[in-house]
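> Structural data only, the sequence is not supplied:
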């Protein structure tokens with residue numbers, strides 16, 4: 001480790017969402033995405049997202065989200081949009097794809113090739129997504145930070 005006073009944030013391990021009903025949440029998120037259940041306890045379920053995970057916890061204690069949200073990266077935002085529309089989920093106004101799940105969690109969806117977020121090739125391969133690439137704008141953004149692929 002480097003000799004410095006502060007730790008550096010490396011990434012996000014997981015996001016925890018409160019839901020009203022765990023079984024209904026697993027069914028809902030299973031309609032949106034291909035799910036791989038990492039584990040389940042009485043009031044919690046953990047869904048793998050490659051080397052990260054989503055923690056669903058039963059028992060919503062807060063009102064629906066307004067500005068508070070989390071950003072989720074997908075391989076095909078338009079395919080997800082069609083599913084969200086089919087499920088009659090509340091889509092929020094804007095240029096991208098933001099929606100509220102049935103418990104009021106605000107999810108902002110971006111597409112992998114459009115953003116600087118990057119998965120290591122071996123993680124993508126393990127997820128069956130080895131063909132994903134980056135758009136030129138995303139590559140420029142990474143290059144400006146010294147993070148572009150060789």
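Received it, and whenever you're ready, just let me know what you need. Quick caveat, the model's predicted, so the values are computed rather than measured. Numbering: from 1, shown residues only.
> shaky segments in the chain?
Within the chain, the stretches with pLDDT under 70 are 1-2, 150.
> now the helices for it?
For the chain, the helices defined by DSSP state H occupy 22-32, 77-86, 121-126, 136-144.
> Of the ones you listed, which stretch is the most buried?
Among the helices of the chain, the stretch with the highest mean neighbour count (mean count of other CB atoms under 10 Å) is helix 22-32, at a mean of 16. Every C-beta, even on glycine, is put in place using the N, C-alpha and C of the backbone.
> Run the angle between it and helix 77-86 for me.
Relative orientation of helix 22-32 versus helix 77-86 (axes from the mean of the first three to the mean of the last three CA atoms, to 10 degrees): 130 degrees.
> tell me what helix 22-32 is packed against?
For helix 22-32, the packing partners by 3 or more CB pairs under 8 Å, 6 or more residues apart in numbering; DSSP states H and E come out as strand 44-49, strand 52-58, helix 77-86.
> ok, the most centrally placed residue in the chain to residue 78 distance?
Geometric centre of the chain, nearest residue: residue 72, 2.6 Å, by CA atoms, centre = their mean. Counting by CB to CB, to the nearest Å, the separation of residue 72 from residue 78 is 14 Å.
> ok, now residue 120?
Counting by CB to CB, the separation of residue 120 from residue 78 is 26 Å.
> Same question for residue 59.
33 Å.
> Any idea how many residues pack against the closest residue to residue 135 other than its chain neighbours?
Spatially, and ignoring its direct neighbours in sequence, residue 135 is nearest to residue 113 (4.8 Å; CB to CB, 6 or more residues apart in numbering). Residue 113: 17 surrounding residues under other CB atoms under 10 Å.
> and residue 113, what does it touch?
Listed by CB atoms under 8 Å, 6 or more residues apart in numbering, the contact set of residue 113 reads 132-135, 138.
> Make CSV from these and add distance to residue 108 to it.
Listed next are the contacts of residue 113 as CSV, based on distance: CB to CB, whole Å:
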residue, distance to residue 108
132, 19
133, 22
134, 19
135, 18
138, 17
